[in-house]
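Enquirer: just a sequence and a predicted model for now, questions to come.
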Amino acid sequence: MSVLEIKNLTKSYGPIRAVDNLNLSIEAGQIYGILGPNGSGKTTTLGMITSVLKPDSGTYQWFSGSESQPLKKIGTILETPNFFPYLTADENLEIIRHIKGTPNKDFTEILQLVNLDGRRNSKFASYSLGMKQRLAIAATMIGDPDVLIFDEPTNGLDPQGIADVRNTLQKVASSGRTVILASHILDEVEKICTHVAIIKKGKLLATGSVGSILSNDKTIEVASLGESALENWLRGNPSIQSFEKKGFFFDCVVAEDFNVARMSEEMSRAGIYPTHLVERKKKLEEEFLEITSKS
Amino acid sequence: MLNLLALEWKKFSKNSVVSLLCFFYVLFLPAGLLLLKDFDTEGMPIFMPGPQTFYSFPGVWEYLGYAGNWVVFFFLGVVAIYLVTAEINYKTQRQTIINGMSRQTYFLSKLSAIFAISLFATIYYAIVAFGIGVYFTDDWDLAYAFENNWAIARYFLMSVSYLSFALMLGFLLRKAGLAIFVYMSYVLIIELLVRMGLRWKLTSGEVANHFPLNAIEDLMPMPFWKYTEMIPVKDIDFDFVLTMQSAVIISMISLIAFIALARFLLMKRDI
């Protein structure tokens, strides 16, 4: 079932085109990452699909048009946690419940999820940035929405705050809901998302499942004491498609049927003994940089 | 509508700025009039009224209404600006739309809030005026006390008109400080200067009286103006205040224009 269909969405700020003919389709149950560098149009896109920004052209449709007030079925954090500073967590959540028109007035469960139950009667103004962000995540859960939208949820947080928010997001993502996560922190997206869209300067560069975005190139990191001998051996080996010196090791893109066991065996036969030998898949970060640098 | 009012209540009933401004209204409305208790008419023209006129029926409706003219403008007008700009500042206006409330409904919630505040202001005015009148009028009955009861309706129209002007400025300028500055300066200085300029340039001063905020002010005019007719000044060839009918009509047109403009700004702009 289609949760969100975006067609040719465009938005400019003066001469700058923030979003340029964007097309996206998000299905139910997907954990959808919207990736892009700062200023790529992620927040503008989310602003338009949550009705706070007016598109110049293009359309979007939630739930195939089956809901008259679709945003009441969606929990969203856009940029910053937005609450009344002089009200407590409970009072702020009550306002959101009132707007959404949901019956459950007990916020204990969702406050426990974000570990804020103990501070529920403190004023929002007294919260740390991490606590504010966690309260914003709790607020998205009001009314048990089908879809959650998080825009840069770990922005500005300290390492502990990032870890807390990430743990919470992972719990949320595993709940079966559709999640749309905009971020420029690729590690975050790679850990949580099933699908990604990569945008730059408002244009969609790539979209699909995380697996399909990541290439099948296999990489092996290798180092040995005799560096020049190793370099010569790598150059002469037909299974090594390309290699590059990175710090103390060589980063090698290898053939599909090649692996560390074969490499170790062949190196030993050539009298080269590895001091570092690690096989890994290409990271999303590398793919992202490759895709965005091409455009 | 009650549902929207309940939401506004949840948002602002614990806000110290709103509470303080409402408290000032409650305090200064009767205080503004009662401070004239020792008003000395000695040396004044013989027709000048004294405290007995200010406090007894039917004068109390007009004199307290004029005090209300100032306190509604100062305190409750700022409340109306604050209801809009605080939410823009906290980005809770944005979050309310994100959470699924339509812009139209959001606008209605703000509109219902200023109507409710105006109603509260008017009821309080009526109670205070009635109380002072009962206390200071020697022989009174209900018919006599409410002889000038259109004052209550005019007071409500004045309140809601001031507040809708403030609401519109809140949506237009978005920043509390700037909106309050423009609100105060427009009413106290800018419109006055434009009107003075018109009087100076035009042979008739009639046009100058028909400005929106002047009309709203003239719904509860300074009661002393009526005595100026008794002063023979040849150079003044215009009325100081509008007729009540004109004031009501211009205020109603202005009220509708302010509300329409405020709604237009909210519906059309990015938030």
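Expert: Yep, that arrived.

Enquirer: what about the residue of chain B found nearest chain A, neighbour count?
Expert: Of all residues in chain B, B:G100 sits closest to chain A, at 3.4 Å by CB to the nearest CB. Every C-beta, even on glycine, is put in place using the N, C-alpha and C of the backbone. Taking other CB atoms under 10 Å in any protein chain shown as the criterion, the count of residues near B:G100 is 24.

Enquirer: helices along the stretch 1-150 of chain B, start to end?
Expert: Assigned helices in the stretch 1-150 of chain B, in chain order: B:2-12, B:16-34, B:51-55, B:59-71, B:77-89, B:92-98, B:103-136, B:142-145, B:150-173 (criterion: DSSP state H, counting those that start in this stretch).

Enquirer: thinking again about what came up before, so what's the residue of chain B closest to chain A up against?
Expert: B:G100 makes contact with A:Q69, A:P70, A:L71, A:K72, A:K73, A:I74, A:I99, A:K100, according to CB atoms under 8 Å, 6 or more residues apart in numbering or on different chains.

Enquirer: can I get those in a markdown table with pLDDT?
Expert: As requested, the contacts of B:G100 are arranged in a markdown table below (pLDDT from 0 to 100):
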| residue | pLDDT |
| --- | --- |
| A:Q69 | 92 |
| A:P70 | 94 |
| A:L71 | 95 |
| A:K72 | 94 |
| A:K73 | 93 |
| A:I74 | 95 |
| A:I99 | 96 |
| A:K100 | 95 |
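
Enquirer: adding secondary structure, neighbour count and distance to A:T43, write the residues you listed out as TSV.
Expert: Conversion of these to TSV gives the following (DSSP: H, G, I helix; E, B strand; the rest coil; neighbours: other CB atoms under 10 Å in any protein chain shown; distance: CB to CB, whole Å):
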residue	secondary structure	neighbour count	distance to A:T43
A:Q69	coil	14	23
A:P70	helix	21	19
A:L71	helix	24	16
A:K72	helix	18	21
A:K73	helix	17	21
A:I74	strand	28	16
A:I99	helix	24	22
A:K100	helix	20	22
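
Enquirer: quick one: which of those is nearest to A:V196?
Expert: Minimum distance to A:V196 across these is 19.8 Å, recorded for A:I74 (CB to CB).

Enquirer: tally up the residues packed near the residue nearest to the closest one when sequence neighbours are not counted, please.
Expert: Ranked by CB to CB, 6 or more residues apart in numbering or on different chains and with sequence neighbours excluded, the top spatial neighbour of A:I74 is A:V147, at 4.5 Å. Applying other CB under 10 Å, we find 23 other residues in the vicinity of A:V147.

Enquirer: can you check A:S183 too?
Expert: Applying other CB under 10 Å, we find 22 other residues in the vicinity of A:S183.

Enquirer: which residues touch the closest residue to it other than its chain neighbours?
Expert: With CB to CB, 6+ apart as the measure, A:V189 is the residue that lies nearest to A:S183, at 5.4 Å, once sequence neighbours are left out. With contacts defined as CB under 8 Å, 6+ apart, the neighbours of A:V189 are A:G33, A:L35, A:L181, A:S183, A:V196, A:V210, A:L284.

Enquirer: what do you get for A:I34?
Expert: With contact set as CB under 8 Å, 6+ apart, A:I34 has these partners: A:K42, A:T45, A:L46, A:I180, A:L181, A:A182, A:S183, A:V196, A:A197, A:I199.

Enquirer: looks to me like the fourth one is in a helix.
Expert: No. With the criterion set as DSSP: H, G, I helix; E, B strand; the rest coil, the secondary structure at A:I180 is strand rather than a helix.

Enquirer: list the contacts of it.
Expert: Counting by CB under 8 Å, 6+ apart, A:I180 makes contact with A:L4, A:I26, A:Y32, A:I34, A:L46, A:V147, A:L148, A:I149, A:F150.

Enquirer: who does it form a beta bridge with?
Expert: A:I180 has the following beta-bridge partners by DSSP bridges: A:Y32, A:I149.

Enquirer: ok, and A:T45, which helix or strand is that part of?
Expert: helix A:42-49 (DSSP states H and E).

Enquirer: output the contacting helices and strands for that helix.
Expert: Packing contacts for helix A:42-49, counted by 3 or more CB pairs under 8 Å, 6 or more residues apart in numbering or on different chains; DSSP states H and E, involve strand A:2-13, strand A:16-27, strand A:31-35, strand A:57-62, strand A:147-151, strand A:178-183.

Enquirer: ok now that helix, how far from the chain's centre?
Expert: Its chain's average C-alpha position is 15 Å from that of helix A:42-49, according to CA atoms, centre = their mean, to the nearest Å.

Enquirer: list the contacts of it.
Expert: With contact meaning CB under 8 Å, 6+ apart, helix A:42-49 is reached by A:4, A:6, A:9, A:11, A:18-19, A:22, A:34-36, A:53-55, A:60, A:62, A:76, A:78-79, A:149, A:151-152, A:180, A:182-184, A:199, A:202, B:270.

Enquirer: let's see that with 7 Å instead.
Expert: By CB atoms under 7 Å, 6 or more residues apart in numbering or on different chains, the residues outside helix A:42-49 that reach it are A:4, A:6, A:9, A:11, A:18-19, A:22, A:34, A:36, A:53, A:55, A:60, A:78-79, A:149, A:151, A:182, A:199.

Enquirer: that older thread, quick one: residues contacting the residue nearest to A:I74.
Expert: Contacts for A:V147 were tallied using CB under 7 Å, 6+ apart; they are A:V3, A:K73, A:I74, A:R177, A:T178.

Enquirer: mind putting these into TSV with distance to A:E94?
Expert: Conversion of the contacts of A:V147 to TSV gives the following (distance: CB to CB, whole Å):
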residue	distance to A:E94
A:V3	28
A:K73	19
A:I74	19
A:R177	23
A:T178	26
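
Enquirer: could you count how many residues lie near B:E191?
Expert: Neighbourhood size, B:E191 [other CB under 10 Å]: 17.

Enquirer: revised request: answer the last question for B:F156.
Expert: Per other CB under 10 Å, the neighbour tally for B:F156 reads 19.

Enquirer: hmm, it is touching B:A116, no?
Expert: No. Contact status for B:F156 versus B:A116: not in contact, 11.6 Å apart, counting by CB atoms under 7 Å.

Enquirer: still on that earlier bit, which among the contacts of helix A:42-49 end up buried?
Expert: Burial by neighbour count, judged by 16 or more other CB atoms under 10 Å in any protein chain shown, picks out A:4, A:6, A:9, A:11, A:18-19, A:22, A:34, A:36, A:53, A:55, A:60, A:78, A:149, A:151, A:182, A:199 from these.
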